Every structure is written in C-alpha cells, then in structure tokens.
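Engineer: Predicted model follows, preceded by the sequence.
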Amino acid sequence: MTNRLAWIATLVTGLFMMAQYFIKTEATNAIYTTLLDYYQIIFAVSMIVGGIGLLKQHSLKVQRSSQQRGYSLITITAILFMVIVAVISGTGATSPYQWAFNNLQAPMQATTFSLLAFFVASAAYRGFRVKSAPAFVLALAAIIVLVGKSGFGEMISQQLPAIAGWVLNNPSTAAKRGILIGVGIGSVATALRVILGIERSYR
Amino acid sequence: MSRLLSTFSARHLVFLVVLLAATIPLLLNIRLTHTASDETKHFYANIDSLPSGSVVLMSFDFEASAFAEIKPLAEAVLRHCFRQNLRVIGLSLFAEGTALGEQTLSRIAREKGKVYGTDYLYLGFRPQCTSAILAIGESLPKEFPTDYFGAATATMPVLSGVTNYDQIATVISITDGGMPTYWVDYAVTRYHARLQTVLTATMVTSFYPYISSGQIQSLIAGLKGAAEYELLLNESGGGGRGLLAQSVSQIAILAIILAGNMVGYLDRRRKWQ
C-alpha cells in the first residue's frame, strides 16, 4: 500500500511538473512555486539526515575500535565543533565559524586539490607513452593543447593557440556533444521510468 | 639513466620538477607578454556593452579547493562590472562558495567605493540549486525576502524593478564544476536568461558545446583567462602573477611526457636486444 501511494505521488507530481511547463495559469503557477518551496525544504532536511547518518556511522567505528578510529574521532569533533560554534556565535564574517572555515577548511581543501598537479604529472609520465597510432594521436593532441593554451604558446608560434583552439572546438566539442546528447536521452528515459513506476528505488 | 627514471625515484623526480616549476616562477617578478584570446574578448565585450545600472546576477558556485584559481577571475569580472556601474546581485548555490563569494564581492565593492544595498547585494546560499534557479525565474524578491545578513531586500534600491530573469541583463555562474548545466537547463531554456560562465581551466571543454549552441553566451577560464581579462581591463591582479607559474608547469609536464616516452623507448629497445 505504501509503495502504491509513493508511486501515485511520483506519477501525479511528475505529470504535473511536465504539464505546467506548457500550461501557464495562476493556479498551476501557485502549485508550482509551492512545490519548489517544498523541494528546498526536503533538501535541507535531507542534509540534516545526512549529517546524523555520518555521525552515527563514525560513532560506530569509534565504538568498534577499528583501525580508522582516529580519523572517525577527528570527523566527529570537526562536525560537532562547526555546528556548535555556528549555533553559539552565528556564521557572520567575524565569527569563529567563519575563522575556522577560512583558516582550516579552505586551506586544507586547497592543499588536497593542489596535490592533483603532482598526480597529473605522474600519470602523464606513465600514461602518454606512444605505443600505437591512437596513442600517438592522443599524445599529439595533448601536446598541442598543453603548449598552445599555455602562456608560451603565442611566443612559440602565432598559429599554435589557433590550432589548440581548433582541437578544442572541433574534435573535442563534437565528442562532448555526443556524450551530452546520450546523457540527455538517458535522463528522459530514466525520468519516464520513475514516473511510470518501472524504476522504484524507494521500495 | 633509464633504470633510474623508471624506478620508484622517477616518481619523486617528477614531483620535484612540478614543485620547482610551480614555485620558482611565483618568486620571480616576471610578467609574460600575451594577448587576449577571442573567447576572453567576447566575454569582456558582453559586459562592456551593458548599459549603466543593468543588473548582473553573479552566482558563486565553487568549492574552497578551487578558490586559488577562481579568485583572480572573479575579481577581474567584478572590477569590470563595478567600473561599468552595473548593479551586482551575488548568491551561492554551493554551501562552500557562500562565504568566499561574500568576501570577494565585498572586497572588490569596497575597493571600487560601492555602497551595499544600492550598488550591490549578497543574497547568500540556497540549498537545492534546481529549485532555487527555477524560483528566481518566478520571483527573485519572493525567493530571497532577506539577504545574507538577514536584512529585508524589498526596500533595497539595488533590487528596484527586479522581479525575475527578464530584468537581469546577464547571469554569471562562477564555478569549478557542472553548475552552468543547471543554469542552462532551468534558467536559459525555461526563462530565456542570458548566461555567461567563469570556469576553472579543467572544466572548459565541458561547456564549449553550449557556446556553439548559443545557450551560454561566453566564457572565460583558468589563470590564463584571468590574465587576459586583466590585460583588457588594464589592471594587475592574480591572473598575471600566476600565468608564468602555470605556463612553466605546463611546459614541465610536456617535458615529463617526453621523458616518459624516452624511458619507454629505451626499455623496449633493451628488451628487443
């Protein structure tokens, strides 16, 4: 019964959202904006549920004294610290919450992201080895774009940035467009499966 | 040599080369001479052509991890907007971009002597980007009755006459991810909003199809884009400072690719023998 109700709610909401795109009246607009409000409320609540789930999972890891116990303790402490300081002193520009964000979270994330440069270089060293004709085309395209789009590109040749632009705007964009069309058709098919009750991940 | 490069220490050598290529140019006070690409000129012309007082909705949709690359781009575009006396309305659809967006917007606004509530406004974060983008299409004042600081937006001069995308001259999504796709799907397709994007260099190829289809009017990307924009603005900033470091790193990676191929060739030749 619960499953059937969930499917009916999905069907009605899905069909309404599809129809209101084409039918614009005051009544459909009012329902549409109310649904958008609920969409945001449900998302905000799901973030709380996610936070609680994360705390629960890491608490279990601490209790079970697994090898990752220390990491779990740091995670729990960090979550609780940020929540508590935000509740006590707000999230304003001069609050401890903002200080922690600017001086702890942002640099830590930037550091992790910066490591990518090293991994990309290491992967390029191993991955761009020319062992076949397709590998040669891949390496050649990479070299043209890498040099052409760098600050030295136009110093080497005025034509190099234009050639790099051609590679990006033609073969690369054509491949990307093909992927996007495939994703679009896939999304429509999935949406129809959910609306028609064929796909019921909520069961 | 071949044995040395293909063993564990080769990885460390690669890391060392990248470290030196990225850091040494930052210590040198050298500016690369370069010209602006058509891509950057197009973005610049779009902003430049907006009449004074036009409204720009600037969405700071990035994570803290990409801030080093995004910051010079965001600052250059904001400087241009304020120089053109455009009204800038900031918001964020990414929780992490909220504070960074506010800091960047406020700093450049102060630098240009702009008044909060009259020349610019920061609306803060809205969860669930899809519904937020759609809701702005119905009514921006209803979606954001208060700003980031909790003040009522209804009486602010900056929002005077602004109801939805029809009164917004352009939307600029500053992002390190796929957020412009949502702006295209929900703001451009449904409400015919005019969209421009500011991206990290790695994301740029994902959005070229939208440029050729006209759904995104123009884009600028990466430190090179920032340096080019600063050149057009005739102002110095983080883009120009970082361009040499980025370019030297790119050439270092090219050298690493060539070294990798040389090592591979020598290894193969040794096996044949």
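Structural biologist: Thanks, I have the structure now.

Engineer: helices or strands next to the worst-scoring helix or strand of chain A on mean pLDDT in the packing?
Structural biologist: In chain A, no helix or strand scores lower on mean pLDDT, DSSP states H and E than helix A:153-156, which sits at a mean of 86. Packing contacts for helix A:153-156, counted by 3 or more Cβ pairs under 8 Å, 6 or more residues apart in numbering or on different chains; DSSP states H and E, involve helix A:160-167. For the C-beta atoms, the positions are set from N, CA and C on the backbone; glycine is no exception.

Engineer: tally of neighbours for residue 183?
Structural biologist: Answering for chain A, as no chain was given. Look at residue A:183: counted by other Cβ atoms under 10 Å in any protein chain shown, it has 11 neighbours.

Engineer: wait, chain B
Structural biologist: Residue B:183: 27 neighbours (other Cβ under 10 Å).

Engineer: Check the secondary structure at residue B:58 for me.
Structural biologist: Residue B:58 falls in the strand class when you classify it by DSSP: H, G, I helix; E, B strand; the rest coil.

Engineer: Walk me through the domains of chain B.
Structural biologist: B:2-29+B:247-272, B:38-236 (automatic domain parsing).

Engineer: hmm, who's touching stretch A:193-203?
Structural biologist: With contact meaning Cβ atoms under 8 Å, 6 or more residues apart in numbering or on different chains, stretch A:193-203 is reached by A:3, A:6, A:7, A:10, A:11, A:14, A:15, A:18, A:190.

Engineer: Could you tell me which of those residues count as buried?
Structural biologist: Listed as buried from the contacts of stretch A:193-203 are A:7, A:10; burial here means 16 or more other Cβ atoms under 10 Å in any protein chain shown.

Engineer: Please list which of the contacts of stretch A:193-203 also come close to chain B.
Structural biologist: When Cβ under 8 Å from any Cβ of the partner chain is applied, no member of the contacts of stretch A:193-203 is adjacent to chain B.

Engineer: Tell me which entries of the contacts of stretch A:193-203 lie within strands.
Structural biologist: Using DSSP state E, no member of the contacts of stretch A:193-203 falls in strands.

Engineer: Among the contacts of stretch A:193-203, which has the minimum pLDDT value?
Structural biologist: Checking pLDDT across the contacts of stretch A:193-203, the minimum falls on residue A:3 at 80.

Engineer: related to what we said a few turns ago, which of the residues in the least confident helix or strand of chain A are buried?
Structural biologist: Buried-residue list, helix A:153-156, by 16+ other Cβ under 10 Å: A:153, A:154.

Engineer: hmm, back to that, hey, which of the domains of chain B is tucked in deepest?
Structural biologist: domain B:38-236 (a mean of 20; mean count of other Cβ atoms under 10 Å in any protein chain shown).

Engineer: roughly how far out does that domain sit from the chain middle?
Structural biologist: A distance of 9 Å separates the C-alpha centroid of domain B:38-236 from that of its chain, computed with Cα atoms, centre = their mean, to the nearest Å.
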